[in-house]
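In: Below is the structure, and that's it, no one-letter string:
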């Protein structure tokens, strides 16, 4: 109970600060999404478990053969540096895929997937997907992973579309009202406004927009770049905490 009393008092302070800052000054800060997520996670007080970074990029508007895909994957891997790598290739009438799976050592799984698509009556294209899944207790690992993905995409002059998620937990069970209060506290800390949410006994899930970050996606007619999910883990008697930008991509 004492923890949540302190949390409520802290929330009032953050809400007061948010109200005092004009929208124009917030929009001009241009914080990187992963920086915003790390700040938000720290404010939550959750214990860090791990993270995921997911990127997709269009490489070109051509159909590449398997040899070209393999050559491109090897070139990209010089930047992303997947260790203990294993290559897989698949092909059917509509697409060719070349994938490298491996790790960065420890508990970090990494994959690089190139897919060349040719579907009747549609423009051909070759797409790259990079996925990193790390188990860690160090927040700095998240920023380092995002930076490595950006460098890999920049190497070939493509545009990155990155989703970053952080997962953590609380040792105790947090009831619905206190979960809502926790989300409000985190939103206030990163100058975010709620767009929509689910508030039930089994799940609190809220999406919104942080004005500290310029990058957004469109949902309905509104812009969003932040999502938080908090829910009880009955098996472990804990509370799970997920936060993602622009959305959560970790299954829950």
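Out: Cool, got the structure. All of these numbers come straight from a predicted model, not from anything done at the bench.

In: Who does the residue nearest to residue 101 when sequence neighbours are not counted form a beta bridge with?
Out: Excluding its sequence neighbours, the residue lying closest to residue 101 (Cβ to Cβ, 6 or more residues apart in numbering) is residue 111, at 4.9 Å. Every residue, glycine included, has its C-beta placed from N, CA and C. Per DSSP bridges, residues listed as beta-bridge partners of residue 111: residue 101, residue 131.

In: any idea how far residue 70 is from residue 111?
Out: According to Cβ to Cβ, to the nearest Å, residue 111 stands 15 Å off from residue 70.

In: Which one's more surrounded, those two?
Out: Shown here are residue 111 and residue 70; by other Cβ atoms under 10 Å, residue 111 has more neighbours (19 against 16).

In: what residues are up against that one?
Out: Neighbouring residues of residue 111 by Cβ atoms under 8 Å, 6 or more residues apart in numbering: 82, 99-102, 129-131.

In: Pull up the per-residue confidence for residue 120.
Out: pLDDT, residue 120: 81.

In: Then residue 8?
Out: Looking at residue 8, its pLDDT reads 33.

In: What of residue 106?
Out: 77.

In: Where do the domain boundaries of this structure fall?
Out: 25-50+167-245, 53-163 (automatic domain parsing).

In: most packed of those?
Out: Greatest average neighbour count among the domains of the chain goes to domain 25-50+167-245 (a mean of 18), per mean count of other Cβ atoms under 10 Å.

In: In the contacts of residue 111, find the pair that's most separated.
Out: Greatest spatial distance among those (Cβ to Cβ): 102 and 129, at 14.8 Å.

In: Shouldn't residue 159 be within a helix?
Out: No: assessed with DSSP: H, G, I helix; E, B strand; the rest coil, residue 159 is coil; it does not lie in a helix.

In: That one contacts residue 150, doesn't it?
Out: No: at 10.6 Å, residue 159 does not count as touching residue 150 under the criterion of Cβ atoms under 8 Å.

In: From the rest of the structure, what touches stretch 60-71?
Out: Stretch 60-71 has contacts (Cβ under 8 Å, 6+ apart) with 72, 87, 89, 91, 96-98, 114, 116-118, 123-126.

In: Try it again at 7 Å.
Out: Contact with stretch 60-71 is made by 89, 91, 96, 98, 114, 116, 118, 123-126, as judged by Cβ atoms under 7 Å, 6 or more residues apart in numbering.

In: Secondary structure added to these, as a markdown table?
Out: Conversion of the contacts of stretch 60-71 to a markdown table gives the following (three-state DSSP):
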| residue | secondary structure |
| --- | --- |
| 89 | strand |
| 91 | strand |
| 96 | strand |
| 98 | strand |
| 114 | strand |
| 116 | strand |
| 118 | coil |
| 123 | coil |
| 124 | coil |
| 125 | strand |
| 126 | strand |
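
In: List just the nearest of those residues to residue 185.
Out: residue 114 (41.8 Å).

In: How about the contacts made by that closest one?
Out: Residues near residue 114 by Cβ under 7 Å, 6+ apart: 69, 72-73, 97-98, 126, 128.

In: Report the beta-bridge partners for the residue positioned nearest the centre of the chain.
Out: Nearest to the mean C-alpha position of the chain, counting by Cα atoms, centre = their mean, stands residue 164 at 1.6 Å. Beta-bridge partners for residue 164, by DSSP bridges, are residue 53, residue 245.

In: Quick check: the gap between it and residue 215.
Out: When residue 164 is compared with residue 215 (using Cβ to Cβ), they lie 11 Å apart.

In: okay, and the common contacts of the two?
Out: Common contacts of residue 164 and residue 215 (Cβ under 7 Å, 6+ apart): residue 33.

In: coming back round to it: identify the farthest-apart pair in the contacts of residue 114.
Out: The distance between the two most remote of the contacts of residue 114 (Cβ to Cβ) is 12.2 Å, for 72 and 97.
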